[in-house]
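Peer 1: sequence and predicted structure below; questions after.
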Amino acid sequence: MIKEKFHEVEARIAASMERRTRVPKDVPVKLIAVTKNHDVAAMREAIDAGATDVGENRIQEAKEKYAELDRDVTWHLIGHLQTNKAKVAVQLFDLIHSVDTPHLAKALDKEAGNIGKVQDILVQVNLAKEDSKSGVYKEDLREMLDLVESLPNLCLRGLMCIAPNYEDVELCRPLFREMYEIYQQVKELPYQTANITYLSMGMTHDYPIAVEEGANIVRVGTAIFGPRQY
């Protein structure tokens with residue numbers, strides 16, 4: 001079942017790429033299989049179906065799975081990260097999507113430096129200014145990006161956002177469209193150490209629209225694995 005669902009999501013992504021009108025149709029999209037609250041057997045099934053990237057929200061859960069998984073995948077941290085978990089985060093994750101404060105950026109820089117790593121990160125943007133979500137406000141973004149550029153053990157790879165959970169997913173489209181415009185502007189900034197490649201936006205309920213509007217990373221769990229196991 002997971003294999004079939006995974007390929008269904010891939011097909012929907014391909015169809016959404018073909019519907020792009022404002023952004024290039026041929027920009028590839030990285031599908032992250034969000035495996036939080038799903039067991040290692042389910043993870044293996046998705047990876048064997050073709051998943052190359054997995055996304056986790058919680059450090060402890062990811063740590064346990066990392067030790068057990070026995071598959072070669074790219075690990076993404078997509079959930080809110082507490083500063084006191086920065087040490088473990090840089091040990092486990094290839095890309096951290098949810099860098100949302102200067103304090104966290106500095107902590108990750110310090111811990112990455114301690115293990116001789118340059119940690120790839122995305123800066124999370126709270127474009128809708130939702131109290132329930134983390135992220136840098138649009139007007140504070142440049143200051144945050146300048147800080148990341150100054151930290152020697154971090155590499156800015158792009159931006160991440162989470163759209164409001166609208167019942168009518170079409171309401172997400174203007175936000176995704178604006179986020180793509182911000183991403184394009186950030187790519188033009190004269191940074192020396194950044195390698196701005198990724199715009200991570202779109203989850204199970206809204207990823208087709210996100211892809212149409214320029215996302216090149218989507219984070220999909222329920223559509224692949226079904227309801228979460230608690």
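Peer 2: That came in fine, so what should we check first? Numbering: from 1, shown residues only.
Peer 1: shaky segments in the chain?
Peer 2: Low-confidence segments of the chain, defined by pLDDT under 70, span residues 229-230.
Peer 1: can we see that at 90?
Peer 2: Low-confidence segments of the chain (pLDDT under 90): 132, 227-230.
Peer 1: now do the helices in it.
Peer 2: In order along the chain, the chain carries the following helices (DSSP state H): 2-18, 40-48, 59-68, 86-92, 102-114, 141-150, 173-187, 207-212, 222-225.
Peer 1: residues making contact with the fifth one?
Peer 2: In other words, helix 102-114. Counting contacts by CB atoms under 8 Å, 6 or more residues apart in numbering, the residues outside helix 102-114 that touch it are 81, 83, 86-87, 89-90, 96, 99, 118-119, 121, 144, 147-148, 151-154. Where C-beta positions appear, they are placed from N, C-alpha and C, glycine not excepted.
Peer 1: quick one: work out the angle between that helix and helix 141-150.
Peer 2: Between the axis of helix 102-114 and that of helix 141-150 there is an angle of 20 degrees, by axes from the mean of the first three to the mean of the last three CA atoms, to 10 degrees.
Peer 1: quick one: distance of helix 102-114 to the chain centre.
Peer 2: Shown here is helix 102-114, whose average C-alpha point lies 19 Å from the average C-alpha point of the whole chain (CA atoms, centre = their mean, to the nearest Å).
Peer 1: now do the fourth one
Peer 2: Relative to its parent chain, helix 86-92 has a centroid offset of 16 Å by CA atoms, centre = their mean.
Peer 1: and if you look at the first one?
Peer 2: Its chain's C-alpha centre and that of helix 2-18 lie 18 Å apart, by CA atoms, centre = their mean.
Peer 1: what comes up buried for it?
Peer 2: The neighbour-count check on helix 2-18 (16 or more other CB atoms under 10 Å) flags 2, 5, 6, 9, 10, 12, 13, 16, 17 as buried.
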